[in-house]
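Peer 1: 3D model of this:
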Amino acid sequence: MFTRFIKPVYAHCDLPCGTYDPTQARIEAESVLGSMQKYDGFSETDKTRAIIIKEQRCEEVKRHLWVLWTDYFKPEHLELHDDLHTLFWNATKQAGQCKKSLDTADAEKLLSYIDEIATLFKESKK
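Peer 2: Numbers count the residues shown, from 1 in each chain. Predicted coordinates for the structure are as follows:
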């Protein structure tokens, strides 16, 4: 029944290009940084909420990065950027570090990894 509605489409990734974008991970990481920057000014109740939100945003960063890593980037991208796996490994590990930290330097490092990934992503679209 679904085959009448769903037509196969060729794409080098799971969906046609334009579906993936590292910007989503960056937006979540900016929220992590914002939570850390404002933490000291919050009431005790808001501090608890800020940590919960920060940890949720860290998980979202990981999810967006994993989708890019596993669904968008393919072996031909590794030929052009042999450190791609290491970069994604470091970025997702850094998101985990941000879950247990309130140090803005950790969030800034996460953003720098995401920016590196975004650069490689843009290069792969050429």
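Peer 1: quick one: the helices in this protein, in order.
Peer 2: Taking DSSP state H, the helices of the chain run over residues 23-38, 44-67, 75-80, 84-99, 104-124.
Peer 1: count the neighbours of Trp89 for me.
Peer 2: By the criterion of other C-beta atoms under 10 Å, Trp89 has 14 neighbours. Heads up, the C-betas are built off the backbone N, CA and C, glycines and all.
Peer 1: show me what the worst-scoring helix or strand of the chain on mean pLDDT is packed against.
Peer 2: Across the helices and strands of the chain, mean confidence by mean pLDDT, DSSP states H and E is lowest for helix 75-80: a mean of 85. For helix 75-80, the elements it packs on are helix 84-99, helix 104-124, judged by 3 or more C-beta pairs under 8 Å, 6 or more residues apart in numbering; DSSP states H and E.
Peer 1: low-scoring stretches of the chain, by residue?
Peer 2: 1-19 (pLDDT under 70).
Peer 1: now with 90, please.
Peer 2: Along the chain, the parts satisfying pLDDT under 90 run over 1-21, 70-82, 123-126.
Peer 1: that older thread, the least confident helix or strand of the chain: how far from the chain's middle?
Peer 2: 20 Å (C-alpha atoms, centre = their mean, to the nearest Å).
Peer 1: tell me the buried residues in that helix?
Peer 2: Across helix 75-80, burial judged by 16 or more other C-beta atoms under 10 Å covers His77.
Peer 1: same question, stretch 61-72
Peer 2: Using 16+ other C-beta under 10 Å as the test for burial, stretch 61-72 gives Val61, Lys62, His64, Leu65, Val67, Leu68, Trp69, Tyr72.
Peer 1: rewinding a little: make JSON lines out of the helices and strands packed on helix 75-80 and add distance to Pro22.
Peer 2: Output for the helices and strands packed on helix 75-80, formatted as JSON lines (distance: least, C-beta to C-beta, whole Å):
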{"stretch": "helix 84-99", "distance to Pro22": "10"}
{"stretch": "helix 104-124", "distance to Pro22": "4"}
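Peer 1: okay then, goodbye and thanks.
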